[in-house]
Structures are given as structure tokens and as C-alpha cells.
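Enquirer: Predicted model follows, preceded by the sequence.
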Amino acid sequence: MREKLIYGTGVFAAALLVYNLYVMLMNLPDEAAQGAVYRIIFFHVPAAWSFMIGALAAMVASILFLVRKDFKYDAFAAATTEVILVFGAINLITGMIWARYAWGIWWAWDARLTSMLISWLMYGGYLMLREALDEPTQRARFAAVLSILTFPGVIVTWNAIKWWRTQHPGPVLSIQGNKNGMDADMQNTLYLNFLAILLFTGILIAVRMRQEILRRELDGLRREAHSI
Amino acid sequence: MDTRNFTYMFYGFAVAWLVVVLYVLTLVSRERKLREEMRRLKSMIETGDRR
């Protein structure tokens, strides 16, 4: 049943992605000032939102692990963190490509870009910490604390364009309070692509979490094999 | 249409898809290794139990 749900969601997300690509490339006009390159936003922003929602979920799971000592929360936090690193990388790289065209430079050390890079590196550190510790309970406890301590950086990243004047563009969506920002059709495509990418994120987390549970079973089998 | 402009859009799209595809391939490869080790350990334990 779980497998069918994963495959079904995958097919739906893939179909939605294909539909969105068609709309992006065939239906939507070029942006007046930027031309075709603005379409990068349809992947750049949903990838960032997936990163941030995943970071929130990993933090909640980490708190639940520390409270309940149930390793399924640790597995969820580990799986989610690895997957959101992928979407964080997509956000950073697509942003750099857009910046190279729009600003003439690949990178600017402004508040939004820098805080996002630091958050991404911290979650990379979370995975390295997990690899460095062998004892499962210690690994889960230390990783949970690091995940909780890292999350405020994501809040700073989210609010950086409101708190500081940044090189990064300010809010362009109507849900962010900008009524004269992006065209409504473009916004709808952005939300639909966010839905597709969020579903895809969920599928990857489910697959990765299954591997984390499998790895724990393997640890048990290894101990059993050593005792023979 | 400005071709340079279109080229950067293509790079952005290509990177987004490429990163996801590489990660999915990593997941598939890791799953295969985990299942293989699981099978190997189970057969090792079964053989040990029979002795």
C-alpha cells in the first residue's frame, strides 16, 4: 500500500512537472525586463521553500526524538535533511546562474545569499556529524541538537529580504504582501511547480527514510553475525 | 529573443534536473547495496545457525 502511494504520488508529481514545463515554455510570455531567464524562478523559489519546510520538519522530528526517544523520528530527520540539501543546492546554483545574467556576477555576500549558504553548510555538517559517530543513540541525540540549533538560521534566511536591504530581489509574490509584483499567471505556475516539487521532496524523503530504517536493521544483523 | 538570455535559462533548468537525477541515482545505488548486504548477512546468519 505504501509503495503504491509512493509510485502514485510520483506519477502525479511527474505529470504536473511536465505540464508546468509546457506552461512555462509555451504559454507564459517573457518577462518585460529580464526576457526568458526569469523562468529560473519557477525552480529557484520552490526549491528554497522545500528546503525551508523540510528544515522545519527536521527540527520538529528532532525535538520529538529528544522527547520520546523513538528512532523513527531520528530516521525522518536524517532523511529529510539529506533531501533538503539537494533542493538547497538547486536553489543556490540556479540563483547563481540567474545572478550571472541579471547582476553580471555569480555571487554577492548579501544577507539572503550568505545566510542561505551558511544554513546549507550547517545541514551538510549535520550529515557529516552523523557519519562521524558510531554509537546510534549518541549519534541521534547530537544530530537532533544540531538540527534544532541550525533552524534559526533558516528563519534568518526567510526574513533576510525584509530585515535588510539586499542585492537579492525583495518579495514579488502577492502572498508576501506585494500586490504589484509578479503577474498572476506566472504566480499560479510558480505555486503549481512548488506543489510538484514538494510532492517530489516527500517521495524522496519516504524512500530515503526506508533506507535509514534498513540501515538500522543492518546494524542489528551485523551484531548478530559477529556474535556467531 | 536574446540567445544569451535563453542560454542562461537553459543552464538553470538543466542544473535543477541534473542535481535531482544525480541524487535519485545515488539513492538507487545505495538501496541496491543495502539490500545486497542485508541478503548476505541473512544468509550468513542462517548458515551459522544451522551449524
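Expert: Received it, and whenever you're ready, just let me know what you need.
Enquirer: So which bits of chain A are right by chain B?
Expert: Proximity of chain A to chain B, by Cβ under 8 Å from any Cβ of the partner chain, involves residues A:30, A:34-37, A:39-40, A:43-44, A:47, A:83, A:86, A:89-90, A:93-94, A:97-98, A:100-101, A:200, A:204, A:207-208, A:211, A:214-215, A:217-218, A:221-222, A:224-225, A:228. To be clear about C-beta, it is placed using only N, CA and C from the backbone, and glycine gets the same treatment.
Enquirer: How about the residues of chain B by chain A?
Expert: If contacts are counted using Cβ under 8 Å from any Cβ, the residues of chain B sitting beside chain A are B:1-2, B:4-6, B:8-9, B:11-13, B:15-16, B:19-20, B:23-24, B:27, B:30-31, B:34-35, B:37-38, B:41-42, B:44-45, B:48-49.
Enquirer: repeat that for 6 Å
Expert: Taking Cβ under 6 Å from any Cβ of the partner chain, the part of chain B that reaches chain A is made up of B:2, B:5-6, B:8-9, B:11-12, B:15-16, B:19, B:23, B:27, B:31, B:34, B:38, B:41, B:44-45, B:48.
Enquirer: List the contacts of A:I213.
Expert: Under the criterion of Cβ atoms under 6 Å, 6 or more residues apart in numbering or on different chains, the contact list for A:I213 reads A:A75.
Enquirer: At which residues are the helices of chain B located?
Expert: Listed in chain order, the helices of chain B (DSSP state H) span B:3-50.
Enquirer: Which element, helix or strand, includes the nearest residue to B:Y11 once chain neighbours are set aside?
Expert: Of all residues beyond its chain neighbours, the one nearest B:Y11 is A:I97 (5.0 Å), with distances taken as Cβ to Cβ, 6 or more residues apart in numbering or on different chains. When secondary structure is defined using DSSP states H and E, the element that contains A:I97 is helix A:71-102.
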